[in-house]
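[1] the following block contains a protein sequence and its predicted model.
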Amino acid sequence: MLDDKLNTPLHLAALEANTLQVCQLLKRGADKNLKNVDGKTPLDIAMEGKHADIVTLFRVTNMRDEFNDYNNPMDDTVDSVISDIARRAAVEKLNGS
């Protein structure tokens with residue numbers, strides 16, 4: 001689903017600094033390389049907004065994609081980082097931060 005500026009839900013979650021939503025969208029295979037009408041990817045938007053956790057999520061998932069060999073030890077590390085960020089975002093959401 002796209003808005004009138006071709007922003008995907010992933011673009012919008014990055015714009016809103018919604019770390020938990022970004023994590024869930026990435027887990028479900030959202031395309032992180034799509035560009036909106038301004039030529040920006042969700043990563044570009046997160047970087048502009050200085051949303052460090054979201055930028056880290058994109059970079060870590062990019063690393064995982066590059067090293068996607070089965071049973072690669074990097075997979076467990078990447079999954080652990082993603083889980084830690086998601087867990088922290090969930091706690092912040094519960095605490096109203």
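    On my side now, so go ahead.
[2] please count neighbours and contacts with C-alpha atoms only from this point.
    Noted.
[3] tell me the secondary structure of the closest residue to residue 47 other than its chain neighbours, please.
    Nearest residue to residue 47 in three dimensions, chain neighbours excluded: residue 55, at 6.3 Å (CA to CA, 6 or more residues apart in numbering). Assigned with DSSP: H, G, I helix; E, B strand; the rest coil, residue 55 falls in the helix class.
[4] again with residue 22
    With three-state DSSP as the criterion, residue 22 reads helix.
[5] against which helices or strands is the helix or strand of the chain at the bottom of the mean pLDDT ranking packed?
    Scoring the helices and strands of the chain by mean pLDDT, DSSP states H and E places helix 73-94 at the bottom, with a mean of 77. If you count contacts as 3 or more CA pairs under 8 Å, 6 or more residues apart in numbering; DSSP states H and E, helix 73-94 packs onto helix 19-27, helix 52-66.
[6] buried residues, that helix. List them.
    Residues of helix 73-94 classed as buried: 75, 78, 81, 82, 85, 86, 89, 90 (neighbour count, 16 or more other CA atoms under 10 Å).
[7] pipe these into JSON lines and attach distance to residue 37 per row.
    JSON lines is the format used below for those (distance: CA to CA, whole Å):
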{"residue": "75", "distance to residue 37": "33"}
{"residue": "78", "distance to residue 37": "31"}
{"residue": "81", "distance to residue 37": "31"}
{"residue": "82", "distance to residue 37": "29"}
{"residue": "85", "distance to residue 37": "29"}
{"residue": "86", "distance to residue 37": "29"}
{"residue": "89", "distance to residue 37": "29"}
{"residue": "90", "distance to residue 37": "31"}
